[in-house]
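[1] quick one, fold the following:
(4 chains)
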Number of protein chains: 2
Amino acid sequence: MTAKPARNRRTQADRSGEMRARLVEATVESLVERGYARTTTVEVCRRAGVTRGALHHHFADLPDLLAAAMSDTYERFFLAPARTRPFASLEAWIDDAWARLRQPAFKAVIEVWLAARNEPVLGRELRPAIDRYKLVFSIEASARLKALIGSSAEVQAFYRLACETLIGLALGRATTPGGRAVDHEAVVIATLKTLGRRITREAAA
Amino acid sequence: MTAKPARNRRTQADRSGEMRARLVEATVESLVERGYARTTTVEVCRRAGVTRGALHHHFADLPDLLAAAMSDTYERFFLAPARTRPFASLEAWIDDAWARLRQPAFKAVIEVWLAARNEPVLGRELRPAIDRYKLVFSIEASARLKALIGSSAEVQAFYRLACETLIGLALGRATTPGGRAVDHEAVVIATLKTLGRRITREAAA
DNA sequence: CAACAAACATACATAAATGTATGTAAATGA
DNA sequence: TCATTTACATACATTTATGTATGTTTGTTG
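    Model prediction:
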C-alpha cells in the first residue's frame, strides 16, 4: 500500500487539479496580456511551463480550455465574493460591483465574450459558461439584488443603467495600454453613486 | 493624349481610390462579422474579390490596413454626421450619439481598440487613429458639445457617465450573436434621457 | 508613341498553430 | 507487487497566414 506518502508524492486528483489550475491561470493571464487572437495553446503551455501534451490531456481543445478559464474567473471573481451579507445601499453595490469589474481579469471575460460572438464554433461551446456569467447582473438570480432593488421600476432601471456604465468603464480599462484607469473614471463612479442615492431617496418617498 | 476616355477607362487615381475603398470596406465587414483574430489579409482579399498582391500594393501590412479602416469608419460614422447644427438638448445628444454607437460598424472599432491594446506593434501604428477617435467624446474638441454642456460640472460629469453607458450598451450589442440589441437596452436609453433632462433642469436653476 | 511608372496578379519560401499518434513515468487497486 | 490506468511528454503531418519576389497589364508623360 501507499503506507508512507513520500515527501513529493501527490495523488492523481491533486496532480490533475493543480495542472488544470495552472493551465486556466495561464490562459486568463494570456487573455489579459495578449488578447484572444494571440492566446494559443503553445502560448498557454509556455506560460504554464508544461507541454502541449499535458494541455491536450486535460482539455479537448482551446474552446474547452477557454470555457474552463471563463468559469473559473466567473467563480473566483464574481460568484464567490457575492455570498456575503446583503447590500446596504445602491452605493454599496456600486462599490462592490466596480471592485470586481475593474479587475484585470475582467478583460479576459470581455475577450471571451467577443470571441464567442465572432466564432460560432466557440460560441456554441461557450454559451453555457457565458449564460452563467450573465447571471452576475441578473436581479432575479440574486437575493441580495432583489432585496436591494425591491419593486421600484425606477431603481431597477437605474440598476440596468449602472451595469452598462460599469461595463463601459471596464472596456475602457481593457483597451487602455497598461490596463490603467481611463481618464474620467473617478468622476463617472462618483456621479453614478450620487444618482444612486437620489434614486433611492425618491423611491422611498 | 487621352482624347476620348473609353467607356471603361478609369484614371489611376480612380482605380487606387476605389480599390482602397473596397479593401477598407471588406476589412470593416470582416471585423464586424469575424472579429480581429480571424480578420486576415486573405479573408479581406476574398471579400473584396482581389488578390493579396493588390492589398500589398496599397497597404504595407495589416496594421496599416486596420489603421485605414479605423480612420474611415471614424470619418464616415462619427465625424461626418457631426458637422451639422448644435444639439438642442442632452436628450438630442443621446439620440445622436446612440444612433452612431449602435451601428454594427462600431464593433469594428471595439475590435481595433482591443487589438491595439493587445499587440504593441499594432498599437504603435494605430495610436494616431485611436487618438483621433477619442476626440469623438472630447468636449473640448467639439463646439457643439461645449455649447451643450456649458460650464456646469454636473452636466459635464453626467456627460462622461453617459458616454460610458452608451459604450457599455455598444459592447453588449457587439457581443450579442447577431449584433442584436441587448435585453434592457431600451430601458437604459430611456433612463439616461430622463436623468439627462433632470440634470439639465437643475443646472439651469 | 515610346518609355516609364503605377496597379494588380502569381508564385514560392517561411513560420506558426493545430491535431494526432505514440512513447514514458507515475499512481492506483486487486 | 504487478497489471492497469492516468498523467504527461515527444514527434510528425497538415493547414494557414505572412513576406517577398517577380511577372503582366494599364495608365501617364515627354
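[2] need phi/psi at the closest residue to A:G179 other than its chain neighbours.
    Of all residues not flanking A:G179 in the chain, A:P104 sits nearest, at 5.1 Å (Cβ to Cβ, 6 or more residues apart in numbering or on different chains). Backbone N, C-alpha and C define where each C-beta goes, glycine included. Comment: the main-chain dihedrals of A:P104 come out as phi -50, psi -30, following degrees, to the nearest 10.
[3] can you pull out the helices in chain A?
    Under the criterion DSSP state H, chain A contains helices at A:12-34, A:41-48, A:52-58, A:62-73, A:90-101, A:105-118, A:120-134, A:143-149, A:153-175, A:185-204.
[4] near DNA strand C, which residues of chain A?
    Residues of chain A lying close to DNA strand C by Cβ under 7 Å from any atom of the strand are A:1-2, A:9-13, A:15, A:40-43, A:52-53, A:56, A:61-62.
[5] from these, list the buried ones, please.
    Neighbour-count burial (16 or more other Cβ atoms under 10 Å in any protein chain shown) applied to those gives A:41, A:43, A:62.
[6] give me the distance between A:A48 and A:S30.
    From A:A48 over to A:S30 the distance is 10 Å, taken as Cβ to Cβ, to the nearest Å.
[7] next: A:T41.
    From A:T41 over to A:S30 the distance is 10 Å, taken as Cβ to Cβ.
[8] out of the helices and strands in chain A, which is least certain?
    Considering only helices and strands, the least confidently modelled element of chain A by mean pLDDT, DSSP states H and E is helix A:120-134, at a mean of 85.
[9] which helices and strands does that helix pack with?
    Counting contacts by 3 or more Cβ pairs under 8 Å, 6 or more residues apart in numbering or on different chains; DSSP states H and E, helix A:120-134 packs against helix A:62-73, helix A:105-118.
[10] buried deepest among these, which one?
    For the helices and strands packed on helix A:120-134, ranked by mean neighbour count under the definition mean count of other Cβ atoms under 10 Å in any protein chain shown, the leader is helix A:105-118 at a mean of 24.
[11] so does that helix get close to DNA strand D?
    No. Under the criterion of Cβ under 7 Å from any atom of the strand, DNA strand D is not reached by helix A:105-118; the shortest gap measures 13.5 Å.
[12] what's the closest of the buried ones among the residues of chain A next to DNA strand C to DNA strand D?
    Using Cβ to the nearest atom of the strand, A:T41 is the member of those that lies nearest DNA strand D, at 10.3 Å.
[13] just checking, that closest one touches A:R52?
    Yes. A contact is recorded between A:T41 and A:R52 when judged using Cβ atoms under 8 Å, the distance being 5.6 Å.
[14] one step back: need the winner for burial among the helices of chain A.
    Among these - counting mean count of other Cβ under 10 Å - the highest mean neighbour count belongs to helix A:105-118, which has a mean of 24.
[15] what comes into contact with it?
    A:27-28, A:31-32, A:35-36, A:39, A:66, A:69-70, A:73-74, A:76-77, A:100, A:122-123, A:126-127, A:130, A:133, A:170-171, A:173-174, A:179, B:33-35, B:37-38, B:110-111, B:114, B:171, B:174-177 (Cβ atoms under 8 Å, 6 or more residues apart in numbering or on different chains).
[16] average pLDDT across it?
    Averaging pLDDT along helix A:105-118 yields 95.
[17] between it and helix B:153-175, how many degrees?
    Comparing the axes of helix A:105-118 and helix B:153-175 via axes from the mean of the first three to the mean of the last three Cα atoms, to 10 degrees yields an angle of 50 degrees.
[18] stretch A:13-27: how far from the chain's middle?
    For stretch A:13-27, the distance between its averaged C-alpha position and the chain's averaged C-alpha position is 18 Å (Cα atoms, centre = their mean, to the nearest Å).
[19] per-residue pLDDT of the residue of chain A found nearest DNA strand D, please?
    Nearest residue of chain A to DNA strand D: A:G53, at 2.0 Å (Cβ to the nearest atom of the strand). Note for A:G53: predicted pLDDT of 97.
[20] get me the contact residues on chain A for DNA strand D.
    Proximity of chain A to DNA strand D, by Cβ under 7 Å from any atom of the strand, involves residues A:1, A:12-13, A:15-16, A:18-19, A:50-54, A:56-58.
[21] looking at these, which has the smallest pLDDT value?
    By predicted confidence (pLDDT), the lowest-ranked of these is A:M1, with 34.
[22] low-confidence ranges, chain A, go.
    Applying pLDDT under 70 to chain A flags the ranges A:1-8, A:80-83.
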